[in-house]
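Engineer: Fold the following for me, if possible:
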Amino acid sequence: MEMVQLKTEVKDIMTTEIITFKPDMPVKEAAKELSEANIDGAPVLDDEGRIIGIVVESDLIMREVRLHFPTYVQLLDGYIYLPGSMSRFEKEFKKAVGAKVADVMSTDVVTIDVGATVEDAATMLVDKDINMLPVMAEGELVGVVSKRDLVKAIGRS
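Structural biologist: Take a look at the predicted model:
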């Protein structure tokens, strides 16, 4: 049995039929598309086709999670919010009530070059604790590679 070579290029295992979202798409519609396509997430593109975010299942689930209210200390007649707790609350609140993809997407998108190796992709997915990488060629989105793609490739070998 031949194993997937770690030096195999990402382009050989990536998914090229890419589902993408627009930032103004309703979250419910995005969830339906992810479910029907049986995928974990999708890149979000602006009108020029540039990646501006990524939406994964956990972003959509966030809408159903209870909010963690900011931690504060009452001092005299005022309140002091602990560092980070207010910004965390604001971020969670925005995701909880978000009705559009732009409200729930992550904007810190990690991409990989089409010529990168499977080893590079696996390392990035594990190190960054993410499930999917948009694959780029000369600044253009040409595919996505996910943990699922890696498992499929291993299963085929």
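
Engineer: The residue lying closest to residue 18 once chain neighbours are set aside: neighbour count?
Structural biologist: Nearest in space to residue 18, with sequence neighbours left out and distances taken as Cβ to Cβ, 6 or more residues apart in numbering, is residue 144 at 5.7 Å. No exception for glycine: its C-beta is placed from N, CA and C like everyone else's. As a burial measure, residue 144 scores 26 neighbours (other Cβ atoms under 10 Å).

Engineer: go on, residue 52?
Structural biologist: Neighbour tally, residue 52, other Cβ under 10 Å: 16.

Engineer: ok, now residue 145?
Structural biologist: The number of residues packed near residue 145 is 27, by other Cβ under 10 Å.

Engineer: Low-confidence ranges, the chain, go.
Structural biologist: Within the chain, the stretches with pLDDT under 70 are 1-4, 62-75, 80-83, 89, 91-98, 157.

Engineer: which stretches of it form helices?
Structural biologist: 27-37, 57-61, 85-97, 101-104, 118-127, 147-156 (DSSP state H).

Engineer: Could you dump those into CSV and include mean neighbour count and distance to residue 110?
Structural biologist: Listed next are the helices of the chain as CSV, based on neighbours: other Cβ atoms under 10 Å; distance: least, Cβ to Cβ, whole Å:
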stretch, mean neighbour count, distance to residue 110
helix 27-37, 15, 19
helix 57-61, 16, 15
helix 85-97, 14, 19
helix 101-104, 20, 18
helix 118-127, 16, 6
helix 147-156, 14, 13
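
Engineer: how far away is the closest residue to residue 118 other than its chain neighbours from residue 156?
Structural biologist: Nearest non-adjacent residue to residue 118, counting by Cβ to Cβ, 6+ apart: residue 8, 4.7 Å away. As judged by Cβ to Cβ, to the nearest Å, residue 8 and residue 156 stand 11 Å apart.
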